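A.B. asks: Sequence and predicted structure, then a few things I'm wondering about:
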Amino acid sequence: MSGPAKSKIPIKVKAYIHLKDKETRSRIIHIDIESSELNKIIKPGEATYCAGKKGGVFIGLKKEMLARVKRLAKVKKLQKKIKA
């Protein structure tokens, strides 16, 4: 399912198509998804699985990433309750 759902917590991301570039030393075309919130889940240098899905992409999480995302989700849910 694409779009909002009760079980989905939004996060802020910036996404870019990154072309080959001598200035940034990018050697291959790729997609950059930049987010401090994502870095709390997937640490720099860690690898995981990504696949296309209808309406976007799916990023699978490994065991240690799942523990981090659960902690982040708890915090975000509490923040949402406080704002309400």
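C.D. replies: Good, I have the coordinates. This one's a predicted model, so the numbers in the text were calculated from it and none came from an experiment.
A.B. asks: hey, let's count contacts and neighbours off CA atoms from now on
C.D. replies: Noted.
A.B. asks: how near is the most centrally placed residue in the chain to Ala73?
C.D. replies: For the chain, the residue nearest the mean C-alpha position is Leu38 (4.3 Å; C-alpha atoms, centre = their mean). Taking C-alpha to C-alpha, to the nearest Å as the measure, Leu38 falls 12 Å from Ala73.
A.B. asks: do the same with Ile17
C.D. replies: Counting by C-alpha to C-alpha, the separation of Ile17 from Ala73 is 28 Å.
A.B. asks: Which of these two has more residues huddled nearby?
C.D. replies: Counted by other C-alpha atoms under 10 Å, Ile17 and Ala73 do not tie: Ala73 has more neighbours, with 14 against 10.
A.B. asks: ok, the more buried one to Ile11 distance?
C.D. replies: 10 Å.
A.B. asks: pretty sure Ile82 belongs to a helix, no?
C.D. replies: Yes - under DSSP: H, G, I helix; E, B strand; the rest coil, Ile82 sits within a helix.
A.B. asks: how close does it sit to Pro4?
C.D. replies: 20 Å.
A.B. asks: Ok, Lys81 next?
C.D. replies: Distance from Lys81 to Pro4, counting by C-alpha to C-alpha: 18 Å.
A.B. asks: So what's the model's average confidence on the helix or strand encompassing Ile59?
C.D. replies: Per DSSP states H and E, Ile59 falls inside strand 56-60. In this model, strand 56-60 has an average pLDDT of 95.
A.B. asks: what's the answer for stretch 15-28, then?
C.D. replies: The pLDDT scores in stretch 15-28 average 90.
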